[in-house]
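> I would like the atomic coordinates for the input below:
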Amino acid sequence: MALVSLPPELRTICRQLTSTKIEQLPSLLPTLLKDVDRCGEPLSRPVEPKSSESSPEAAVLVHNLKTQITTLLNGRTTQGRFVGAALVKSVVENGGWECLRASEAWVRGLIAIIQKKDPTVTKELSIVALVKIFTLMHEYPTLVREIVTPNLPGFAKACLQILKPPASSKVGKAPYSLVETIFEAISTLLPLYPTTLREFAGKFRTEARPFWSPTISDNVLIPTTLQASSRRLGVRLHMTAAKGGDSTEWTKHVEELVKTVHSTADQVFRTVQEIWESTTNYKPQAINLDVEPQGGGDLDQLPRWVGVQAGSERIIGLLDFIGEYLHCRTRVAVAIPVSAIADITSRISAIKPPTPGKERLDSGMNPAIGREERDEFWTVFPDIQIAAMKLHLTMIQRLEENYVPLAQDTLDQALRIFQSLYRLPQARTTIFLLVKDILHLCGPTLPKFTVESLGLLIKCCCRDLLGAAGCLPKPKPQNSATTTQNGQKPKTISQNADAFLPTKSQDDTISVSLSAEHLCAGEALLTALLSHLPQQHIPSSLRSQLVKTAILSRNRDAQLASILHPARDKSGRTPQVILPYLARQFPQDESVEVLRFNFRPAATGPIAEFLGPDDDDDAMIVEGADEETQTQSRANGFSFDQASDAHPSSAPFAALPAPTSQFRASSPIPLRSAEVTQSPFLARPSTSETVVQSQSQSETTIAVEPASTSALKRKNEDATAEISLSKRVEIDASIPALEPAVPDNANVNSTTTVAPAAPRQTQEAQTGEDQSSDDESVHLNMELDSEDEDDE
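Next up is the predicted model:
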């Protein structure tokens, strides 16, 4: 306990801070922070405010440490202030309430560092330490009243001085990294202390507005991280509204952004003649075709922009800003203007890019716009479409099941946009994620024509995954002997001589490099296509391509979905069984093992489709040793646990006819009508399940009893059957001539005919082989005596 109450690291910290020069402390900072993390118990233990001779050693050392940190913060060297700010953050995190209640002097020192001309890294560290202190104090009302309330306004003022220095000051603009740190700090503190920061909300909004949607007209390059942090701050500024006004302020800001997007689109989309009609009664503004597209300024209080490129950047930035409103949490429930947001995406998706091979000046283009502006518009328009799809994706993630009424329209928009943007990897990534989420919402209810419209999306998804797995077939070189428009061959043809050289087999496929986000989106979409779509509506060629891609790309989830959601043809058969591939690729996976030992392929159609009348002589009559073995022998298809006992002449994957009844010798038990035991794993047969057999030009019929449904009763019957196995069988010679098969409507009078017995040696050999495995079925050797043999 002594070592725990007084760790040696505490003595080391105090000694190093006292004996080391201040200029050398930054190099020791990693070691100091590591030692502070190990001194959490003595730092959090209550101590007297002043040390005395009777105080324990730990209390004295903690007091000395706090005093040395205060000295560093108020020192004259920048190195000391930097080390002091780092130690304050670490001590507060490990010391808890005991260190927080004594941190008022540190708070004032950190605020003073922000206002000094210290390096940017020191100011950023001081801001981070202050945010940590204010965040931890939120749980203690007393500390909030004594420390936060008096010092938080000073911190906000110091930040505003950095963002907008006074005109009399010679200080230049703050670096973007420091501006981003300030935006993140204020957006973190706004939900905790909205009342205290209410008076500064307007000033922070003004400073953050230029970073919400920057364009090339600003002549500056704004980092994307700074744009994101400024948008988060702009979203959370609504929390500073008066009591009860949070929701109204939030909705008002979103509606203003929607109107700004429409007004900007009026200028940028003037190249085309739009057929879109607003559902929110928005009226497009008048456009001056004599000047370049432009906007901003006093209309929307955003920086002014000029040109199609700048206008597209403004639209994309505003769409991302609306998405940030949906991402950020709110303190109260808000009303989302879903119709207004969907109206924007409908307007964007209604514009169809020109089809290659057609004239540019068609009915959908504005003839008053020059060719240069048209080309520039079609260059930037794909980015606007991708931003619209990202906004839909954000809405789905926020609304979840409440988005179902818009799911079908969104899917139509996504597929319409995908037809023109499938060549762009970023567009494929976004639409893969969007369609995946839509399928999770309403995939099983999609009609057939909607499922068939996913063909291009399915092909692109499979191509991307096969390319990433290195299994994409290499495209064949095109024939260079092309013809001109007049039908004549060109005089000079440039040919690649290397294309005629023989290639190796490993060069027949190519590998495509995809981003991790793109690959994850494709794998998730592949699984959703196999699990959340009506498989009967997917064309067989696309279904086969999906299964092939799942196997070659080693996608476990997609292969599981393919097995659990099989596709059946018109005859009710399941042609694709890929469980062996899955078990081979993932032998140690628990879910695969569970599926392997519990899943058996269902019957693949009527027996008549695999066993014709001419093959009756080759049929094998088997009896299961137990219920599990019987079920396994009845299953159409091959077994995944053991070798198949199929007929030698059949194919390796040929299906065996399922035995329909248990054949036994006559017994003292009264005979009843033969009934076929129904199995949930077999399809209902459409032909007669009796086998007719002839031997020595005479017909033999044997009366048999039905399989017992009770386990106890069946056990007794098995024992009785074994005792009476040597009895002669009753011969009924009153049956007419032999027929190839008994019709369904034939009256068998509770009798069933059996196949001729195989030669005795063959049956004994088969019996010896079958006894080697308990899972194999047992062949019964029955000796049938005819009347002719008895007469002889």
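> all contacts plus neighbour counts: C-alpha atoms, from now on.
Fine.
> which parts of stretch 171-190 are buried?
178-190 (16 or more other C-alpha atoms under 10 Å).
> The residue lying closest to residue 404 once chain neighbours are set aside sits in which helix or strand?
Nearest non-adjacent residue to residue 404, counting by C-alpha to C-alpha, 6 or more residues apart in numbering: residue 441, 6.5 Å away. In the assignment (DSSP states H and E), residue 441 maps to helix 425-442.
> So which elements touch that helix?
Applying 3 or more C-alpha pairs under 8 Å, 6 or more residues apart in numbering; DSSP states H and E, one finds that helix 425-442 makes contact with helix 371-399, helix 404-421, helix 516-531.
> Now distance to residue 83 and secondary structure too, for the buried residues of stretch 171-190, in TSV please.
Shown next, in TSV, are these (distance: C-alpha to C-alpha, whole Å; DSSP: H, G, I helix; E, B strand; the rest coil):
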residue	distance to residue 83	secondary structure
178	19	helix
179	22	helix
180	22	helix
181	19	helix
182	20	helix
183	24	helix
184	22	helix
185	21	helix
186	24	helix
187	26	helix
188	24	helix
189	24	helix
190	28	coil
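> Now the two most distant members of those.
Largest separation among the buried residues of stretch 171-190 by C-alpha to C-alpha: 178 and 190, giving 18.4 Å.
> ok so, going back, what is the neighbour count of the residue nearest to residue 404?
Residue 441 sits with 18 neighbouring residues when counted by other C-alpha atoms under 10 Å.
> Quick check: pLDDT value at it.
Note on residue 441: pLDDT of 94.
> in this protein, which spans are strands?
294-297, 302-306, 472-473, 509-510, 694-695, 698-699 (DSSP state E).
> just so I know, which of the ones you listed lies nearest residue 418?
Proximity to residue 418, assessed across the strands of the chain by C-alpha to C-alpha, is greatest for strand 472-473 (21.5 Å).
> what's in contact with that closest one?
Residues outside strand 472-473 that contact it (C-alpha atoms under 8 Å, 6 or more residues apart in numbering): 463, 466, 508-511.
> For the residues you listed, pick the one with the most neighbours.
Counting neighbours by other C-alpha under 10 Å, residue 466 leads the contacts of strand 472-473 with 23 neighbours.
> so what's it up against?
Counting by C-alpha under 8 Å, 6+ apart, residue 466 makes contact with 472, 549, 552-553.
> same thing but 7 Å
Counting by C-alpha atoms under 7 Å, 6 or more residues apart in numbering, residue 466 makes contact with 472, 549, 553.
> isn't the second one right next to residue 461, touching?
No - when contacts are counted by C-alpha atoms under 7 Å, residue 549 is not listed as touching residue 461 (9.1 Å).
> What is the burial count for the residue nearest to residue 9 when sequence neighbours are not counted?
Spatially, and ignoring its direct neighbours in sequence, residue 9 is nearest to residue 35 (5.3 Å; C-alpha to C-alpha, 6+ apart). Using other C-alpha under 10 Å, residue 35 is surrounded by 19 other residues.
> just the one 5 residues further on next, same as before
Residues near residue 40, counting by other C-alpha under 10 Å, number 21.
> change the start of the numbering to 10 and stick with it
In the new count, where the first residue is 10, that last one comes out as residue 49.
> Kindly provide the distance from it to residue 417.
Going from residue 49 to residue 417 by C-alpha to C-alpha, to the nearest Å gives 56 Å.
> for the stretch 460-609 of the chain, what are the low-confidence residue spans?
Residue ranges of the stretch 460-609 of the chain with pLDDT under 70: 486-516, 581, 584-585, 609.
> For it, which segments count as helices?
Taking DSSP state H, counting those that start in this stretch, the helices of the stretch 460-609 of the chain run over residues 464-477, 525-540, 549-561, 565-573, 588-594, 599-607.
> Is residue 124 in contact with residue 168, as I believe?
No - using C-alpha under 7 Å, residue 124 is not in contact with residue 168, being 8.5 Å away.
> who has more neighbours, the two?
The neighbour count for residue 124 versus residue 168, taken as other C-alpha under 10 Å, is higher for residue 168 (24 against 15).
> Return the residues in contact with the more buried one.
Per C-alpha under 7 Å, 6+ apart, neighbours of residue 168: residue 191.
> Next: residue 218.
By C-alpha under 7 Å, 6+ apart, the neighbours of residue 218 are residue 311.
> The residue nearest to residue 18 against residue 20, yeah?
No - taking C-alpha under 7 Å as the definition, residue 44 is not a contact partner of residue 20, at 9.8 Å.
> For stretch 104-113, list every residue counted as buried.
104-106, 108-109, 112-113.
> As TSV, these with distance to residue 24 and pLDDT would be great.
TSV is the format used below for the buried residues of stretch 104-113 (distance: C-alpha to C-alpha, whole Å; pLDDT from 0 to 100):
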residue	distance to residue 24	pLDDT
104	20	88
105	23	88
106	25	88
108	20	89
109	24	91
112	22	90
113	25	92
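> which one of the residues you listed is nearest residue 39?
Of those, the one sitting nearest to residue 39 (C-alpha to C-alpha) turns out to be residue 104, at 18.3 Å.
> Name the nearest residue to that closest one, sequence neighbours excluded.
Per C-alpha to C-alpha, 6+ apart, closest to residue 104 is residue 53, 4.3 Å.
> Pull up the gap between the one you found and residue 67, please.
Residue 53 is 11 Å from residue 67, by C-alpha to C-alpha.
> swap in residue 566?
Distance from residue 566 to residue 67, by C-alpha to C-alpha: 57 Å.
> same check, this time on residue 571
From residue 571 to residue 67 the distance is 65 Å (C-alpha to C-alpha).
> got it, and residue 236?
47 Å.
> quick one, which of the two is more surrounded?
In this view residue 236 and residue 67 are compared by other C-alpha under 10 Å, and residue 236 has more residues nearby, 21 against 18.
> For that one, list the residues it contacts.
For residue 236, the contacting residues are 220-221, by C-alpha under 7 Å, 6+ apart.
> Give me the residues contacting stretch 418-436.
Residues outside stretch 418-436 that contact it (C-alpha under 7 Å, 6+ apart): 358, 391, 395, 437, 440, 444.
> So which of those residues wins on neighbours?
residue 440 (28 neighbours).
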